[in-house]
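>>> take this sequence and fold it.
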Amino acid sequence: MTPVVRPVFAMYEEEGKVFVSAEIPPVDITERPCFKTAKGRIQGSYIRVSDANMLMTGYAVYRYEAFRKKHRDGIRPVEQVRVQGLDQDRLLSMSCNANRTGRILQRWNSHSCMVWSASPQTALSP
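Residues are numbered from 1 along each chain as shown. Predicted structure coming up:
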């Protein structure tokens, strides 16, 4: 297993019988998922569901990797997009919603991006 699983054993004796228990502490979130080394991370990662071990999806494995490396896929700028290429009706709707929730549209024109501010006192320029 990768990372190595280290169970904690406890022994208890009663009426001449020895009872042994093994507790497997959870793997730290920065080291997850724990997987069978011979099968690799994708094919060797399982999740416990009721009494069964189910193979984790590739996406579930990826989410652990993204957490560990602090990937933020949904928050990346797209440099190639220009305002002219965006749906103007949706932009207008977004600006109305933003103004209703307290975010103020400071500046808008066809040659620059939208500049947002949390308060009307903050002046921003592109």
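
>>> where does this structure dip in pLDDT?
Applying pLDDT under 70 to the chain picks out residues 74, 76, 98-126.

>>> how is it partitioned into domains?
Structural domains assigned to the chain are 8-69, 83-117, following automatic domain parsing.

>>> ranges for the strands of the chain?
If DSSP state E is used as the criterion, the strands of the chain fall at 8-14, 17-23, 46-49, 52-55, 104-107, 115-117.

>>> any chance of the domains of the chain in CSV, with mean neighbour count and distance to T2 too?
Using the backbone N, CA and C atoms, a C-beta is placed for each residue, glycine as well. Converted to CSV, the domains of the chain look like this (neighbours: other C-beta atoms under 10 Å; distance: least, C-beta to C-beta, whole Å):
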stretch, mean neighbour count, distance to T2
domain 8-69, 11, 5
domain 83-117, 12, 44
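
>>> save these as JSON lines, and put in distance to I75 too.
What follows is those, written out as JSON lines (distance: least, C-beta to C-beta, whole Å):
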{"stretch": "domain 8-69", "distance to I75": "12"}
{"stretch": "domain 83-117", "distance to I75": "15"}
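
>>> what segments of the chain are helices?
Counting by DSSP state H, the segments of the chain that form helices are 40-43, 58-69, 88-100.

>>> tell me which of these sits nearest to T30.
For T30, the closest of the helices of the chain is helix 58-69, at 5.7 Å, according to C-beta to C-beta.

>>> which one of the helices of the chain lies closest to Y12?
Closest to Y12 of these is helix 58-69 (C-beta to C-beta; 35.7 Å).
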